[in-house]
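K.L.:
Predicted model follows, preceded by the sequence.
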Amino acid sequence: QSHFDSQKELAGKKVLITAGPTYELLDPVRFIGNHSSGKMGVAIANELANRGAEVTLVLGPSNVSVDEKRIKTFHVTSAKEMYDVCVEQFPQMNVAVMAAAVADYTPVNTFSEKIKKNDGNLVLELQKTKDILKSLGEIKKDNQLLIGFALETKNEVEYAKSKLKDKNADIIVLNSLRDKGAGFGTDTNKITIFEKSGTATTYDQKDKALVAKDIADVIVKNIYA
Ligand code: CTP
Ligand code: CA
């Protein structure tokens with residue numbers, strides 16, 4: 001940190017960010033994952049660090065490069081590992097941004113040997129993972145700001161609003177998957193931001209680095225509100 005950082009708008013603010021997918025192991029060679037690249041969450045981490053925040057990133061398996069000298073990074077694999085780091089870190093934080101695509105279900109058993117194929121079908125038993133955003137919402141203090149994402153393929157406004165309420169979040173960022181050039185793996189995104197106050201703002205499709213600036217502006221506005 002340089003002495004200029006003390007003059008930046010997020011100087012002295014500690015921010016926790018989750019990003020990327022999680023991998024739920026089935027056996028030594030297989031996992032259940034998803035298409036999240038981690039680009040959006042890492043772009044938010046970079047933008048908030050540029051504004052002077054002290055950023056802690058909890059990153060699932062991702063090829064996106066992170067400047068780990070500037071951003072304290074915990075590399076995790078599973079939803080359980082991501083949950084454990086977040087619950088431990090959150091009490092020290094001013095802001096948390098849950099941008100990861102966390103698995104909702106994980107195998108009941110991880111086999112220690114490779115599963116061999118058979119003549120019949122394979123049935124996998126899955127159990128629910130813990131909801132990290134919801135868990136942080138339950139322990140959140142009045143001076144902490146909690147931001148979640150929502151990824152929907154239908155009824156997106158209704159579902160995004162219910163996530164805001166159900167998870168005790170202050171802000172929900174809705175990813176519009178309907179639009180080409182938005183969502184997984186792409187370099188651009190199209191979002192609507194829902195705030196607890198009832199405000200909903202829809203933005204144009206743009207580069208994820210610029211989407212991160214829009215999100216950072218709303219975070220700054222809410223921190224100092
Ligand atoms: N999330 C989380 N932990 C989980 C699942 C989701 O922290 N185990 C967070 C995501 O990081 C995101 C928000 O919850 O910020 C919403 O995730 P999303 O998958 O859109 O919604 P879910 O609540 O998981 O519900 P569903 O997938 O059924 O729509
Ligand atoms: Ca989910």
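P.N.:
Arrived safely. Residues are numbered from 1 along each chain as shown. Ligands and ions are numbered 1, 2, ... in the order given.

K.L.:
pLDDT below threshold where in the chain?
P.N.:
1-4, 178-183 (pLDDT under 70).

K.L.:
How about the residues of it by ligand 1?
P.N.:
Contact residues (CB under 6 Å from any ligand atom) of the chain with ligand 1: 18, 79, 98, 100, 102, 104, 129, 131-133, 148-151, 163. C-beta: built from backbone N, CA, C; applies to glycine.

K.L.:
give me that answer again for 8 Å
P.N.:
Proximity of the chain to ligand 1, by CB under 8 Å from any ligand atom, involves residues 18, 79, 82-83, 86, 98-104, 129-136, 147-152, 159, 163, 166-167, 169, 172-173.

K.L.:
how many neighbours does the closest residue to residue 131 other than its chain neighbours have?
P.N.:
Among residues not flanking residue 131 along the chain, residue 167 sits closest, at 7.2 Å (CB to CB, 6 or more residues apart in numbering). Applying other CB atoms under 10 Å, we find 21 residues neighbouring residue 167.

K.L.:
how close does residue 167 sit to residue 135?
P.N.:
The gap separating residue 167 from residue 135 is 9 Å, by CB to CB, to the nearest Å.

K.L.:
what does the longest strand belonging to the chain contact?
P.N.:
Ordering each strand of the chain by length in residues (DSSP state E) puts strand 145-152 first. Around strand 145-152, the neighbours that count as contacts under CB atoms under 8 Å, 6 or more residues apart in numbering are 40, 94-99, 101, 133, 136-137, 140, 156, 159-160, 163-164, 167-175, 177, 183, 215, 219, 222-223.

K.L.:
Scan the chain for its longest helix.
P.N.:
helix 208-223 (DSSP state H).

K.L.:
just the angle between that helix and strand 145-152, please?
P.N.:
Between helix 208-223 and strand 145-152, the angle comes out at 140 degrees (axes from the mean of the first three to the mean of the last three CA atoms, to 10 degrees).

K.L.:
List the contacts of the most centrally placed residue in the chain.
P.N.:
The residue lying closest to the centre of the chain (CA atoms, centre = their mean) is residue 99, at 1.5 Å. Counting by CB under 8 Å, 6+ apart, residue 99 touches 17, 18, 19, 40, 41, 44, 149, 173.

K.L.:
how near is the closest residue to the third one other than its chain neighbours to residue 27?
P.N.:
Spelled out, it's residue 19. Using CB to CB, 6+ apart and skipping the chain neighbours, the partner closest in space to residue 19 is residue 41 (2.4 Å). According to CB to CB, residue 41 stands 28 Å off from residue 27.

K.L.:
Between those two, which is the more surrounded one?
P.N.:
Between residue 41 and residue 27, counted using other CB under 10 Å, the more crowded position is residue 41 (29 against 15).

K.L.:
thinking that one is in contact with residue 18, fair?
P.N.:
Yes - if you go by CB atoms under 8 Å, residue 41 and residue 18 touch, sitting 6.5 Å apart.

K.L.:
Overlap in contacts, the two.
P.N.:
57, 59, 97, 99, 100.
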